[in-house]
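Visitor: Pasting the sequence and the predicted coordinates here, then a few questions.
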Amino acid sequence: MSYAISVNGQIHHVEDDGQTPLLWVLRDTLKLTGTKYGCGVAQCGACTVHVDGTPTRSCTLPLEVAASARITTIESIEGVEAQAIRDAWVARDVPQCGFCQSGQIMSAVALLRTLKTPTDRDIDVAMSGNICRCATYNRIRAAIHDAAAQLGTAR
Amino acid sequence: MTPILQPQSRVLSRRSFLVTTGGLGIAVAFGSVPDLASGAAMAPAAEGDFRPNAWITIGADGTVSIISPAVEMGQGITTTLPLLVAEELDADWSRVRVVQAPSDAETYGNPGFYGIQLTGGSESTRGYNALLRMTGAQTRLILLAGAAGMLNVPVSELETEPHRVLHPSSGRSLDYGEIAARALLPDPLPQATEADLKQSHRWRYIGSRTIQRIDVPSKVNGTAVFGIDVQLPDMLHGAVLRAPVQDERPETIDDAEARDVPGITHIVPLSYGVGIVGETVEATRRAKDLLNVTWSTTSRVRNYSSQRLLDEYRAVGRDFGQQGVPAHTNGDAEAAIAAATTVIEADYMSDHVAHATMEPMNATALVTGDRVEIWAPTQGPTGTQGFAAEVVGTTPDKVKVNTTLLGGGFGRKAEADFIIDAVSLAKAVEGRPVKVIWSREDDVRHDKFRPLEAQHVKVGLDAEGNIVGWRHRIVADSIFARTLPPVFEEAGGHDDVVTEGAKFNYTVPAHQIEYLRQDNGLAIGFWFAVGVGYTRFAIECVVDEIAAARGIDPVALRLELLKDQPRARKVIETVARMAEWDRARDGRGLGVAYSDAFGSHCAQVAEVSLNRDTGAIRVHKVWCAIDPGVAIQPLHIEAMMMTGITNGTGHALFEQINVIDGEVQESNFDTYRLIRMSEAPEIEVAVVPTPGSPFGGIGQAGLPPTGPAIANAVARLTGGVRLRHYPFTPERVKAALDT
């Protein structure tokens, strides 16, 4: 079947089975490989994208459902929160192997868009769906606080 | 100081030369080599060039390209190694570009690690640093000589600042690029000696807290290319259905339904499974689920049940009638223990654990005639050449390996099974590249787990409480028997990595370590810190058991056992101070542990609490003091310690693989539990280098002390309840509390 999907502000016409997970459409049809496969069952968060602004696991989201929404991926996430998060990630050298970090960043940006000054508890709740095998959790936490502080100063 | 081989340099041409130490050489070229000096921070190795002729190239624009012989899997090595060259070359780090080495052990093998080109064992910095630093120093001397000719002044009047040669008395100076573009190499070349290396107080980059990892920017915007991200023109996708039990083979294959899945192009019977090739990942996965395969039932792994075997291993450990292969013998420990006043005896065990790298196993291959090209996240590019050559029936030199970034390695990506998948399927569809990405379920079920193991430790104390003898029996299957049979055989059946860490630097008058190999068929492999991850668990807990038996403080006992070891004492004293060791915490316990593995000294204190109703342990905070000898990148050492400590916590509390009748019970992150953000302890790290010490390993140094520090904290919190079996599941903790 043919689907028109909105990804990063552009409409793409995709021929595929409606049950195909959005993840593989992004990676192999649209060549947006920043979004990663980690588990396929929404357990690790490596495939996190924004669906109408909400962080969502693209590995379990069927194309036919995704086709009615606005999708944003790591390649095009923009705005003050995204910039602050990226800056903080670089300043703190957060990524190690880096494979999970697209998903981590997508979850963190969504958190800062919802909560201007998240507490450690808020961060735990928002980020515990994203596994990092290099265990960069402490730097992720610190970088989220840094980004929130930077946005607070800028505001 | 580390003994450094003196380099010999010879001119290769008017614009290039070779620096060799101990048989390994680094070629240096002046003037642009376009393939290598391309702009990206991590440029791919030169297209179509199997053996680029220069490790280091100084372009006419001054860009210095340095090859990283080791692969990047998050451990920061592609920053660390080139930084050592830049330091001695006195280069401007912002004008350095790093290029990943192609597969070529003869050129890029690790001189300190059997000359192989395999990244692992925390061996990269330890093995390459002398060669890289000497090459940097030698190249700087040659730049000085070239500048002397251009300026027509004696070399003795010249000095360098980053990327420039200065002639202070005339105020003239030359950029490295100008020298590389115009200078002719003198022949013979000036030869650097150890005296030409910078004194540590003159280091600009080593020890700096402002040098950042070169790979980080690409990892925050989705542009970093891991193996899984490789996209090639005309590429097909592949999947492999593997036997549910290791070493079984497909007997009948009904692929009628699988073939009907739209987009499937090939079904490829393999000796160990069934391959599927198709136009999309999704199609191959659907088809894989629709295959009907009957499997052979002859594998001896069908008899493998991990909990039953572990009981057997423990019994073997306790049965002193069964002799092992000696791994280390100093004095007659048994006689000393027989004459001891007090004997402490305990069993320590651990279940299998899985690597679960975030990037699952994957590889992409293209077979054209007798030539193979591979794109893969591999720790061992030259091993990859050999295995691929075997599949295709060609020679390793016909196999080109493009190493991508690795989304985690931890020893798993030193294996070749995922490479063999891709090459086997690519061979079946010759002329088109095939990418194979394992499902997470396959990645967990078909991992090469850390060995299942039991250890028996028996220690004798005299009337004053001094240790008189220490016996350590390690019962496990072998990793080397599978991966490096000649090494295993040459060692007389001893496995150096399985017993790694059992030899310690505590002062004991008699020490005996034995390895009792068990052979039950399940393939086991190199996991984060390998043997040290469990041998130090046993040792560090037994040290606390001794302290308890003597009624003395565990920190004080360690300092007593390390009287003549200033670096060890420093990290233990530092961490005790950081944690305020003597301050009691309400409802929480502190535990300490120490390790000297991988050439680095690391001490940790864990603060834990325990829910006695559920048996759940919470690790609130871990303090860590690390002496890596030389701290090349302190910020990154802190990060590596956090990785070790947090995974050290997760694997001590949660990680567990169960095998029943040869079938792995866990398959994805819902059943194989990794530590998450909300469970990660707060961590404080002090990096305390010792000037003049050798370069220590860092990648794995943080993990070993964490588990025993947690167990020791629980014991102190509960009046002596010992946890002796990884992981400390709530059921096991409750059982320990009840006895």
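Guide: Arrived safely.

Visitor: which element is the residue in the stretch 151-300 of chain B that chain A sits nearest to on?
Guide: Closest residue of the stretch 151-300 of chain B to chain A, C-beta to the nearest C-beta: B:Gly222 (2.0 Å). C-betas here are computed from N, CA, C, even on glycine. Assigned by DSSP states H and E, B:Gly222 falls within no helix or strand.

Visitor: Give me the spatial nearest neighbour of it, chain neighbours excluded.
Guide: With sequence-adjacent residues excluded and distances taken as C-beta to C-beta, 6 or more residues apart in numbering or on different chains, B:Gly222 is closest to A:Gly34, at 2.0 Å.

Visitor: who's in contact with the residue in chain A that chain B sits nearest to?
Guide: Per C-beta to the nearest C-beta, A:Gly34 is where chain A lies closest to chain B, at 2.0 Å. Counting by C-beta atoms under 8 Å, 6 or more residues apart in numbering or on different chains, A:Gly34 makes contact with A:Thr73, A:Ile74, A:Glu75, A:Ser102, B:Asn221, B:Gly222, B:Thr223.

Visitor: from these, which is closest to B:Leu184?
Guide: Nearest to B:Leu184 among the contacts of A:Gly34, counting by C-beta to C-beta, is B:Thr223 at 40.5 Å.

Visitor: so which of the contacts of A:Gly34 comes closest to B:Val575?
Guide: Among the contacts of A:Gly34, A:Ser102 lies closest to B:Val575 (C-beta to C-beta), at 35.3 Å.

Visitor: In space, what's closest to that closest one - neighbours in sequence excluded?
Guide: Leaving aside its sequence neighbours, A:Ser102 sits nearest to A:Ile74 (C-beta to C-beta, 6+ apart; 3.9 Å).

Visitor: does A:Tyr3 sit in a helix, a strand or a coil?
Guide: What DSSP: H, G, I helix; E, B strand; the rest coil gives for A:Tyr3 is strand.

Visitor: check contacts around the nearest residue to it once chain neighbours are set aside.
Guide: Closest residue to A:Tyr3 apart from its sequence neighbours, by C-beta to C-beta, 6+ apart: A:Ala67 at 4.2 Å. By C-beta under 8 Å, 6+ apart, the residues touching A:Ala67 are A:Tyr3, A:Ala4, A:Ile5, A:Gly18.

Visitor: How many residues are close by the residue lying closest to the last one once chain neighbours are set aside?
Guide: Ranked by C-beta to C-beta, 6+ apart and with sequence neighbours excluded, the top spatial neighbour of A:Gly18 is A:Glu64, at 3.3 Å. The tally of other residues near A:Glu64 (other C-beta atoms under 10 Å in any protein chain shown) stands at 16.

Visitor: Unless I misread the structure, A:Glu64 falls within a helix.
Guide: Yes - per three-state DSSP, A:Glu64 lies within a helix segment.

Visitor: Isn't it up against A:Ser2?
Guide: No - in this structure, A:Glu64 is not within contact of A:Ser2 by C-beta atoms under 8 Å, at 11.1 Å.

Visitor: what's the neighbour count on the closest residue to B:Ile179 other than its chain neighbours?
Guide: Once flanking residues are discounted, B:Ile179 sits nearest to B:Gly146: 4.8 Å by C-beta to C-beta, 6+ apart. Other residues within reach of B:Gly146, judged by other C-beta under 10 Å, total 23.

Visitor: Report the secondary structure state of B:Gly146.
Guide: helix.

Visitor: I'd say B:Gly112 and B:Thr125 touch.
Guide: No - with contact defined as C-beta under 8 Å, B:Gly112 does not reach B:Thr125; the gap is 9.2 Å.

Visitor: So which of the two has more stuff around it?
Guide: Higher neighbour count among B:Gly112 and B:Thr125: B:Thr125, with 27 against 20, using other C-beta under 10 Å.

Visitor: May I have the secondary structure class of A:Ile144?
Guide: Secondary structure assignment for A:Ile144 (three-state DSSP): helix.

Visitor: any idea how far chain A is from the residue nearest to B:Ile179?
Guide: 36 Å (C-beta to the nearest C-beta, to the nearest Å).

Visitor: and what of B:Ala335?
Guide: The gap separating B:Ala335 from chain A is 45 Å, by C-beta to the nearest C-beta.

Visitor: now the strands for the stretch 201-350 of chain B?
Guide: Applying DSSP state E, counting those that start in this stretch to the stretch 201-350 of chain B gives strands spanning B:236-242, B:250-254, B:264-270, B:273-278, B:292-295, B:325-330, B:342-350.

Visitor: ditto for chain A
Guide: Ranges of strands within chain A are A:2-7, A:10-15, A:48-51, A:54-57, A:70-72, based on DSSP state E.

Visitor: So which bits of the stretch 101-250 of chain B are right by chain A?
Guide: Selection of the stretch 101-250 of chain B residues close to chain A by C-beta under 8 Å from any C-beta of the partner chain yields B:212-213, B:215-226, B:228-229, B:231, B:237.

Visitor: Output the below-cut-off pLDDT ranges for chain B.
Guide: Along chain B, segments meeting pLDDT under 70 span B:1-7, B:21-25, B:32-53.

Visitor: Contacts only, for the residue located most distally from the centre of it.
Guide: Farthest-out residue of chain B from its mean C-alpha position, per C-alpha atoms, centre = their mean: B:Ser170, at 50.3 Å. Contacts were defined as C-beta under 8 Å, 6+ apart; by that measure B:Ser170 touches B:Leu151, B:Val153.

Visitor: want to throw the strands of the stretch 201-350 of chain B into a markdown table with mean neighbour count and distance to B:Gly207?
Guide: Output for these, formatted as a markdown table (neighbours: other C-beta atoms under 10 Å in any protein chain shown; distance: least, C-beta to C-beta, whole Å):
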| stretch | mean neighbour count | distance to B:Gly207 |
| --- | --- | --- |
| strand B:236-242 | 25 | 46 |
| strand B:250-254 | 13 | 56 |
| strand B:264-270 | 17 | 51 |
| strand B:273-278 | 25 | 50 |
| strand B:292-295 | 14 | 56 |
| strand B:325-330 | 15 | 35 |
| strand B:342-350 | 19 | 36 |
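
Visitor: can you list these in TSV and add distance to B:Leu717?
Guide: TSV is the format used below for the strands of the stretch 201-350 of chain B (distance: least, C-beta to C-beta, whole Å):
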stretch	distance to B:Leu717
strand B:236-242	44
strand B:250-254	53
strand B:264-270	52
strand B:273-278	48
strand B:292-295	49
strand B:325-330	33
strand B:342-350	19
